[in-house]
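>>> sequence and predicted structure, then a few things I'm wondering about:
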Amino acid sequence: MRLYPCEDREVTRYDSKVPEVVTRVQGPLVDYDLGDGSEIFDVLVCGGTLGIFVATALSYKGLRVGIIERNIIKGREQEWNISRKELMELVEVGILSEEEIEQIISSDFNPSRCAFESKGEIWVENILNLGISPAKLVEIMKERFVSSGGAIFEGKSLSSISVHDDFAVLNLSDGGSLPCRLVIDAMGNFSPIVRQIRSGRKPDGVCLVVGTCARGFDRNTTSDIIFSSSSIRRAGNSGVQLFWEGFPAGSGPTDRTTYMFTYVDPHFGGPKLEELLETFWDLMPAYEDVVLENLDIMRVIFGIFPTYRNSPLPAAFDRVLQVGDASGIQSPVSFGGFGSLTRHLGRLSNGIYEAVSGDLLDALSLQLLNPYMPNLSASWLFQRAMSARPQIDVSPTFINELLFANFESMQDVIQFGPLVKTLGLVMITRPQILPSIFKQAGPGVILNWSGHFVMLGYYTFLSTFIDPVLRPWVESLPLRNKYQWKRYLEAWKYGAGLDYRQGE
Ligand SMILES: Cc1cc2nc3c(=O)[nH]c(=O)nc-3n(C[C@H](O)[C@H](O)[C@H](O)COP(=O)(O)OP(=O)(O)OC[C@H]3O[C@@H](n4cnc5c(N)ncnc54)[C@H](O)[C@@H]3O)c2cc1C
């Protein structure tokens, strides 16, 4: 059963210029020499940043799991910001204790500001209000993983995978190979497997981020989740709408992380990261109300986040599944891939465990683990609305006006009720910005978005009223059907954003 409103999901095409990493070999694996001491893994995870969390959750469930990481499995120094309820998902899944949660939190601040230059500000509580140390967290996870029987292959890079009817064989760049039943691709946005699946296609949107973690901020108790500059500016040769984020950092009382980011439509091109960084140095002192020379810059941070409208990415091969940034399950507006992984970890680890134990590892069964989610697809319009587009005749302050209207009732996970309220508010209080929304996004995107909006309402209805009726029946089904229906129920819930409960 598929419930896609408009078939904008990817049709797998193969471009001869994109290296073929995954090859499907018909028939079972024969003549494979396991050698002394080698074994067949249930799951091999490629990529050990977010991959370590999924690997540990699966190892805890009793699967034989290995991780292949081309570097060392190690979290970065720069903090991840996250909400407590997202972090607590790691406790719910059982891979971290509440005491350990307290150990990894390096900063905790409230309230946070959403500010729209020359429009106003909104203060919110408990959103992205914790800074956690990826270095400490990943270290704990690594110990957990190894002590639960997991195997780590560091300094080894995946070069290709041959998928047979019964197993997948991973070929490594050092000439070695490892067999397994399921490959989890956690190699991030630039995963070579994702590149193959997406046929090297250009992303639909890109978020560019530059920033610093610096010492010397006297006022450093609250954070900005978003600060939107009043109008479009130039960075390099491109017009950009700039957004800012600022968070106290845990390394010292006057240490602060400041991000400046912008959304770019790659079809029109955009600034280089260096040009954006130049703009950052020019504007940051005014934004943070500091003198640059008085700051001790501890690190410069940057990132590129490609986003595709057809996300999450459905599995394209038997025995290969994407998780983390590779799966595109993170919001196209925020770059909180860690937060998004924690929210889905319980659902994913249960589903993967059932797929492996039931031998339901064909591409169709795996696709149910990264299903269509209307709330994720609907949030794409916001990214488009937030990117400055050349030759589009809208007021330079339009984006700021739109965001102020939205943020009055918006949240970080889109749900049907609050979205209807937001749209209603915009229509009643600021009907004059509607024509600009149409011009900015374009009729195609608006039409497509309307389909996702209707599906969001439909999934909300299904999850709220139909799920409780079906659940006892689902439990009585044979293995394959039960697996499928459990995934549909999850897709309704997560696709409607109902996993995210307000006020918790
Ligand atoms: C500036 C910045 C700020 C951020 N802030 C936040 C935040 O505050 N909160 C939050 O939730 N998220 C934040 N994020 C996002 C978060 O860092 C990402 O979502 C997360 O790192 C994604 O993890 P991943 O494992 O999916 O991919 P990646 O981090 O890209 O990791 C992929 C891993 O795969 C390995 N790999 C790649 N190719 C191979 C290969 N061929 N063989 C073996 N291994 C391979 C790599 O070495 C790497 O370890 C931020 C990101 C940036 C850049």
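Here it is on my side, so go on. Numbers count the residues shown, from 1 in each chain.
>>> next one, pLDDT for the closest residue to the ligand within the stretch 301-450 of the chain please.
Nearest residue of the stretch 301-450 of the chain to the ligand, counting by Cβ to the nearest ligand atom: Gly337, 1.8 Å away. Heads up, the C-betas are built off the backbone N, CA and C, glycines and all. Confidence at Gly337, expressed as pLDDT, is 95.
>>> also Phe407?
Looking at Phe407, the pLDDT reads 69.
>>> got a list of what the closest residue to the ligand within the stretch 1-150 of the chain touches?
Closest approach between the stretch 1-150 of the chain and the ligand, counting by Cβ to the nearest ligand atom: Gly47, at 2.8 Å. Residues in contact with Gly47 (Cβ atoms under 8 Å, 6 or more residues apart in numbering) are 67-69, 185-188, 191, 324, 326.
>>> can you do 10 Å?
Applying Cβ atoms under 10 Å, 6 or more residues apart in numbering to Gly47 gives the contacts 54-55, 67-71, 73, 158, 184-188, 191, 323-326.
>>> and what of Arg70?
By Cβ under 10 Å, 6+ apart, the neighbours of Arg70 are 46-48, 153-158, 172-173, 187.
>>> does the ligand have contacts with stretch 369-388?
No: judged by Cβ under 6 Å from any ligand atom, stretch 369-388 stays clear of the ligand, getting no closer than 13.3 Å.
>>> how far does stretch 188-204 sit from the chain's center?
15 Å (Cα atoms, centre = their mean, to the nearest Å).
>>> hmm, stretch 342-349 touching the ligand?
No: shown here: stretch 342-349 not in contact with the ligand (Cβ under 6 Å from any ligand atom), separated by at least 8.1 Å.
>>> also stretch 69-78?
Yes: Stretch 69-78 reaches the ligand (Cβ under 6 Å from any ligand atom) through 69-71.
>>> same thing with stretch 195-203?
No: Stretch 195-203 is not in contact with the ligand by Cβ under 6 Å from any ligand atom; minimum separation 10.7 Å.
>>> what is the end-to-end distance of that stretch?
11 Å (Cα to Cα, to the nearest Å).
>>> which parts of that stretch are buried?
With burial defined by 16 or more other Cβ atoms under 10 Å, the residues of stretch 195-203 counted as buried are 195-198, 203.
>>> next one: the residue nearest in space to the middle of the chain relative to Phe53, how far apart?
The residue lying closest to the centre of the chain (Cα atoms, centre = their mean) is Gln330, at 2.1 Å. Distance of Gln330 to Phe53, given as Cβ to Cβ, to the nearest Å: 14 Å.
>>> ok, back up a step: which of the buried residues of stretch 195-203 fall in helices?
Taking DSSP state H, the ones among the buried residues of stretch 195-203 that sit in helices are 195-197.
>>> quick revisit: which of the contacts of Gly47 are buried?
Of the contacts of Gly47, these count as buried by 16+ other Cβ under 10 Å: 54-55, 67-70, 73, 158, 184-188, 191, 323-326.
>>> filter those residues down to the ones in strands?
Judged by DSSP state E, strands contain the following of the buried ones among the contacts of Gly47: 67-69, 158, 184-185.
>>> mind putting those in CSV, pLDDT included?
As requested, these are arranged in CSV below (pLDDT from 0 to 100):
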residue, pLDDT
Ile67, 98
Ile68, 98
Glu69, 98
Leu158, 98
Ile184, 98
Asp185, 98
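>>> and the residues you listed as TSV, adding distance to Ser223?
Putting those into TSV (distance: Cβ to Cβ, whole Å) gives the following:
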residue	distance to Ser223
Ile67	33
Ile68	36
Glu69	32
Leu158	37
Ile184	33
Asp185	33
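>>> shaky segments in the stretch 301-450 of the chain?
For the stretch 301-450 of the chain, applying pLDDT under 70 flags the ranges 391-396, 405-412.
>>> out of the ones in helices among the buried residues of stretch 195-203, which is nearest to Asp224?
Each of those was checked against Asp224 using Cβ to Cβ; the closest is Arg195, at 34.4 Å.
>>> contacts only, for the residue nearest to that closest one when sequence neighbours are not counted.
Spatially, and ignoring its direct neighbours in sequence, Arg195 is nearest to Val18 (5.7 Å; Cβ to Cβ, 6 or more residues apart in numbering). By Cβ under 10 Å, 6+ apart, the contact set of Val18 is 192, 195-201.
>>> spell out which parts of the stretch 351-500 of the chain neighbour the ligand.
Counting by Cβ under 6 Å from any ligand atom, the stretch 351-500 of the chain has no residue next to the ligand.
>>> now the helix or strand containing Thr23: mean pLDDT?
Assigned by DSSP states H and E, Thr23 belongs to strand 22-24. For strand 22-24, mean pLDDT rounds to 97.
>>> mind listing the strands it pairs with, and their directions?
strand 158-163 (parallel) (DSSP bridges).
>>> give me the helices and strands touching the helix ranked longest in the chain, please.
Identified as the longest helix of the chain according to DSSP H is helix 337-357. Counting contacts by 3 or more Cβ pairs under 10 Å, 6 or more residues apart in numbering; DSSP states H and E, helix 337-357 packs against strand 41-46, helix 51-60, strand 80-82, helix 84-93, strand 177-185, strand 320-322, helix 363-367, helix 479-495.
>>> how does this structure divide up, domain by domain?
Domain segmentation of the chain under automatic domain parsing yields 22-77+134-201+312-371, 205-307, 375-495.
>>> buried deepest among the ones you listed, which one?
domain 22-77+134-201+312-371 (a mean of 20; mean count of other Cβ atoms under 10 Å).
>>> pretty sure Arg113 sits against Ile226.
Yes: if you go by Cβ atoms under 10 Å, Arg113 and Ile226 touch, sitting 8.4 Å apart.
>>> what residues are shared contacts of these two?
With Cβ under 10 Å, 6+ apart, Arg113 and Ile226 have common neighbours Ile122.
>>> tell me how far the closest residue in space to Ser238 that isn't next to it in sequence lies from the ligand.
Computed as Cβ to Cβ, 6+ apart, the closest residue to Ser238 that is not its neighbour in sequence is Pro271, at 4.6 Å. According to Cβ to the nearest ligand atom, to the nearest Å, Pro271 and the ligand sit 16 Å apart.
>>> what pLDDT is listed against Pro271?
Pro271 is assigned 93 on the pLDDT scale.
>>> which SS class is it?
coil (DSSP: H, G, I helix; E, B strand; the rest coil).
>>> what distance do you get for it to Leu403?
Pro271 is 21 Å from Leu403, by Cβ to Cβ.
>>> so what's the residue in the stretch 101-250 of the chain positioned nearest to the ligand up against?
The stretch 101-250 of the chain approaches the ligand most closely through Gly188 (2.3 Å), counting by Cβ to the nearest ligand atom. Counting by Cβ under 10 Å, 6+ apart, Gly188 touches 47, 49-51, 194, 322, 324-326, 337.
>>> who are the contact partners of the residue nearest to Ile82 when sequence neighbours are not counted?
Nearest residue to Ile82 in three dimensions, chain neighbours excluded: Gly339, at 4.8 Å (Cβ to Cβ, 6+ apart). Residues counted as contacts of Gly339 (Cβ under 10 Å, 6+ apart) are 80-83, 85-87, 89, 128, 330-331, 412-413.
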